[in-house]
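Trainee: heads up, no residue letters with this:
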């Protein structure tokens, strides 16, 4: 047994141990954990500084998960199962698909989009892998496969390599990506052996999951450094959550720390409308305020896309604070920068007078009420 597997075995998975270690009354959360499994690795436990802090809120179950909320009653609000042509595969966008490798995770995030099945038994079987390969072989428009779950790094190297090798044999697949929270929650899983195996399947990308600057530690830095040294470009995904990271300064520290460990911030997600997660939701204005506080105030490398994954399978929609674009017509664009100063940018003159672009409806633009330089 490898060290990461030993670490995993020592995780908190039952309410009696949770009560003993963290003082959460077992009877308060027994029904919740029966429905939505819990796992807290020794590493994540060591990062909890006090009751109710940002790490605690992400992994410790509460009775709030059992409360009803009209907006969050769906088990699968993104309609992933409707977009699944074969078991384990979600095909929503034209040129890319998502492949569920396993239902297991190193920790079970209380805000998870896939609460409906994570933690239940289930790993991609040889039969289903065969079906996935057959589907992808027939769909030449697909060039990008995202491994997800669960967490793809929760399977042993041999199984992960079996999937990588099968997909790399399909000529039109250009990019493979792995979405994982392992480096930040079970860093011992990132071994030299794993990195050596992954290097054989480039171009391979990873999107890691971090939500708070306290998650960036020397152990995490080491794990991410090993992956980066294996030639794997690293991006990060963050979920905006009430009481966890809904503060511009917290988000700025997180994004800056990620860059320092060679992870490029990629997405901040507005929380999905998943049953049992309503207490994490924030208003969208908070997300826009955070993006406005990042843009211009720190490197553009540290500014991710802020997206809402639209309900009913609408896909990710990036949104920006509208105050930056004040006016646009065929002659000029009026812009406002991060210091609240306004500037004019002239449009190029059309040489033949043709091709004039339609104006953006003025109703879509904020008021022009600041001095133009």
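Mentor: Received, thanks. Keep in mind that this is a model prediction, so the values were computed, not measured.
Trainee: from now on I want contacts and neighbour counts done on CA atoms only, so please keep to that.
Mentor: OK.
Trainee: check contacts around residue 73.
Mentor: Residues counted as contacts of residue 73 (C-alpha atoms under 8 Å, 6 or more residues apart in numbering) are 273-276.
Trainee: and it, what pLDDT?
Mentor: In this model, residue 73 is scored at 88, pLDDT.
Trainee: which strands or helices does the helix or strand of the chain with the lowest mean pLDDT pack on?
Mentor: In the chain, the helix or strand scored least confidently by mean pLDDT, DSSP states H and E is strand 325-328, which has a mean of 89. Using 3 or more C-alpha pairs under 8 Å, 6 or more residues apart in numbering; DSSP states H and E as the contact test, the elements touching strand 325-328 are strand 332-336.
Trainee: show me which residues of the strand it packs on are buried.
Mentor: By neighbour count, with 16 or more other C-alpha atoms under 10 Å as the criterion, the buried positions of strand 332-336 are 334-336.
Trainee: would you list the phi and psi of the nearest residue to residue 216 once chain neighbours are set aside?
Mentor: The spatial neighbour of residue 216 that comes closest, neighbours along the chain excluded (C-alpha to C-alpha, 6 or more residues apart in numbering), is residue 257 at 6.8 Å. The phi and psi torsions at residue 257 (degrees, to the nearest 10) take the values phi -70, psi -40.
Trainee: over to the one 10 residues further on?
Mentor: Dihedral pair for residue 267: phi -130, psi 140, per degrees, to the nearest 10.
Trainee: same question for residue 315.
Mentor: phi 80, psi 170.
Trainee: kindly indicate whether the closest residue to it other than its chain neighbours is helix, strand or coil.
Mentor: With sequence-adjacent residues excluded and distances taken as C-alpha to C-alpha, 6+ apart, residue 315 is closest to residue 309, at 5.2 Å. Taking DSSP: H, G, I helix; E, B strand; the rest coil as the rule, one finds residue 309 in the strand state.
Trainee: just the strands from the stretch 101-250 of the chain, written as ranges.
Mentor: If you assign secondary structure with DSSP state E, counting those that start in this stretch, the strands in the stretch 101-250 of the chain sit at 144-148, 175-180, 204-209, 234-240.
Trainee: residue 350: neighbour count?
Mentor: Neighbour count of residue 350, defined by other C-alpha atoms under 10 Å: 11.
Trainee: that should have said residue 102, apologies.
Mentor: Neighbour count of residue 102, defined by other C-alpha under 10 Å: 24.
Trainee: so what's the closest residue to it other than its chain neighbours up against?
Mentor: Nearest in space to residue 102, with sequence neighbours left out and distances taken as C-alpha to C-alpha, 6+ apart, is residue 123 at 4.1 Å. Contacts for residue 123 (C-alpha under 8 Å, 6+ apart) come out as 101-103.
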